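Novice: Give me a model of this one.
(one chain, ligands or ions: 3)
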Amino acid sequence: MNAYLEILRPFNALMGVVAVLLVALISGNFTLAVIVACVIVFIFTGAGNAINDYFDHKIDAINKPERPIPSGRIALKTALIYSISLFVISSIMAFIIGIVPGMIVVLSAVLMYLYAKRLKTSCLVGNLSIAFLTGLCFVFGGVVLNAVELSIILGVYAFLMTMAREIVKDMEDVEGDSIEGASTFPIKHGMRKSSILAAAFMLIASLTSPILYFIGIFNIIFLMVMLVAIYLFLSCAISTLRDQSVENTRKVSKQIKIGMGIVFMAFALGSPIVTNLLQI
Ligand SMILES: CC(C)=CCC/C(C)=C/CC/C(C)=C/CC/C(C)=C/COC[C@H](O)COP(=O)(O)O
Ligand SMILES: CC(C)=CCC/C(C)=C/CC/C(C)=C/CC/C(C)=C/COP(=O)(O)OP(=O)(O)O
Ligand SMILES: [Mg+2]
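Specialist: Ligands and ions are numbered 1, 2, ... in the order given. Okay, the predicted model is just below:
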């Protein structure tokens, strides 16, 4: 894959795009602004991944040398200019949609930069920043599509599950992070307490998610598909509590991401448009 595309982590960026499309699908508000919002989220997420790799280049040279910067396929300064350019482009596009979307993107870009430069090494603050930005992805779609209340509800779930996954990722990176002098939750409070905190976030998000059916946002198909995701998240929680090894946390991190994909399908199949289509 081209290094300038790879550094954006296009799969993550597309997940952000899907989040915006889901808000459109669930709210039934399809306008041209959806397309612009999707492009903004793709570019912003890519910029966030690029600035993250820029500040991580030393630790990535040890842990992930195949990445574009440590492998020499993108020069360090070029990566910085590339990331900042993408933040500027996504901000300008957002202001074209409106003042509020523009302010959301600019403030998010500042938070993303601060996360990558400094916040990620501080206990829980880095996790909260990424989880907030991931949840804000839905809210950004809601602001553009005039479906703010719905998007906040979905954003809260994205926040909770991303918090769980970020803590698991910090457990996976505990060796490299401690060499770098980071003060992540696993380093400060140990792997056992980290596994309990991550499992708590997974359980809260999973076990409360059927509420979205009972309050009428989604149809019965949502509930059926969610049972698969809930089963996966519960097994991730149990696995993390049982085994805090790097190998197992790497496996759990991947499984949580798969669970997020299943939740995306539950949101789509459970949406009112499908309800009307199937007359259920
Ligand atoms: C139980 C329930 C309803 C959960 C909802 C979970 C859900 C739908 C989450 C959505 C998450 C989302 C919008 C993700 C966008 C992609 C993204 C950039 C997420 C932030 O990931 C940061 C992570 O550290 C990147 O690392 P990696 O994935 O290893 O590259
Ligand atoms: C607010 C708007 C307009 C959009 C939000 C769009 C989204 C989904 C933002 C999510 C935040 C984001 C860009 C996260 C990616 C940054 C990242 C890779 C964090 C993890 O970094 P590390 O802890 O270094 O882990 P890695 O090993 O994956 O590098
Ligand atoms: Mg990194």
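
Novice: And whichever strand or helix holds Phe95, what does it pack against?
Specialist: Assigned by DSSP states H and E, Phe95 belongs to helix 76-97. If you count contacts as 3 or more CB pairs under 8 Å, 6 or more residues apart in numbering; DSSP states H and E, helix 76-97 packs onto helix 32-55, helix 99-117. (C-beta placed from N, C-alpha, C; glycine too.)

Novice: Leaving out sequence neighbours, find the closest residue to the closest residue to ligand 2 within the chain.
Specialist: As assessed by CB to the nearest ligand atom, ligand 2 sits closest to Gly48 within the chain, at 2.7 Å. Nearest residue to Gly48 in three dimensions, chain neighbours excluded: Met112, at 4.4 Å (CB to CB, 6 or more residues apart in numbering).

Novice: Ala164 now?
Specialist: Phe201 (3.7 Å).

Novice: and that neighbour, which of the three is it?
Specialist: Under DSSP: H, G, I helix; E, B strand; the rest coil, Phe201 falls in the helix class.

Novice: residues in contact with it?
Specialist: Counting by CB atoms under 8 Å, 6 or more residues apart in numbering, Phe201 makes contact with 160-161, 163-164, 167.

Novice: isn't Leu150 right up against Gly141?
Specialist: No - under the criterion of CB atoms under 8 Å, Leu150 makes no contact with Gly141, lying 9.6 Å away.

Novice: Give me the pLDDT for Ile130.
Specialist: pLDDT recorded at Ile130 is 97.

Novice: Share the number of residues neighbouring it, please.
Specialist: Using other CB atoms under 10 Å, Ile130 has 23 other residues around it.

Novice: After whichever strand or helix holds it, heading C-terminal, what element do we hit next?
Specialist: If you go by DSSP H and E, Ile130 is part of helix 125-145. As assigned by DSSP H and E, the chain's next helix or strand after helix 125-145 is helix 148-172.

Novice: Return the set of buried residues in that following helix.
Specialist: 148, 150-155, 157-172 (16 or more other CB atoms under 10 Å).

Novice: Same question for stretch 41-60.
Specialist: 41-56, 59-60.

Novice: Report whether the expected contact of Ile187 with Val174 is present.
Specialist: Yes - Ile187 is in contact with Val174 according to CB under 8 Å; the separation is 6.2 Å.

Novice: Enumerate the residues of this structure near ligand 2.
Specialist: 16, 40-41, 44-45, 48-49, 52, 56, 104-105, 108, 112, 120, 130, 133-134, 136-137, 140, 169 (CB under 6 Å from any ligand atom).

Novice: before we move on, the earlier item: now do the shared contacts for Leu150 and Gly141.
Specialist: Val23.

Novice: ok, Thr249 - contacts?
Specialist: So Thr249 contacts 168-169, 171-172, 240 (CB under 8 Å, 6+ apart).

Novice: I should have written Phe218 there, sorry.
Specialist: 26, 212, 266-267, 270-271.

Novice: Please flag which of these sit within helices.
Specialist: The helices, defined by DSSP state H, take in 26, 212, 266-267 from the contacts of Phe218.

Novice: Farthest pair within those?
Specialist: Ile26 and Ala266 (11.1 Å; CB to CB).

Novice: When those two are compared, which one has more neighbours?
Specialist: Between Ile26 and Ala266, counted using other CB under 10 Å, the more crowded position is Ile26 (28 against 25).

Novice: Counting neighbours, what do you get for the closest residue to the more buried one other than its chain neighbours?
Specialist: The spatially closest residue to Ile26, leaving aside those adjacent along the chain, is Ser271, at 4.6 Å (CB to CB, 6+ apart). Ser271 has 22 neighbours, counted by other CB under 10 Å.
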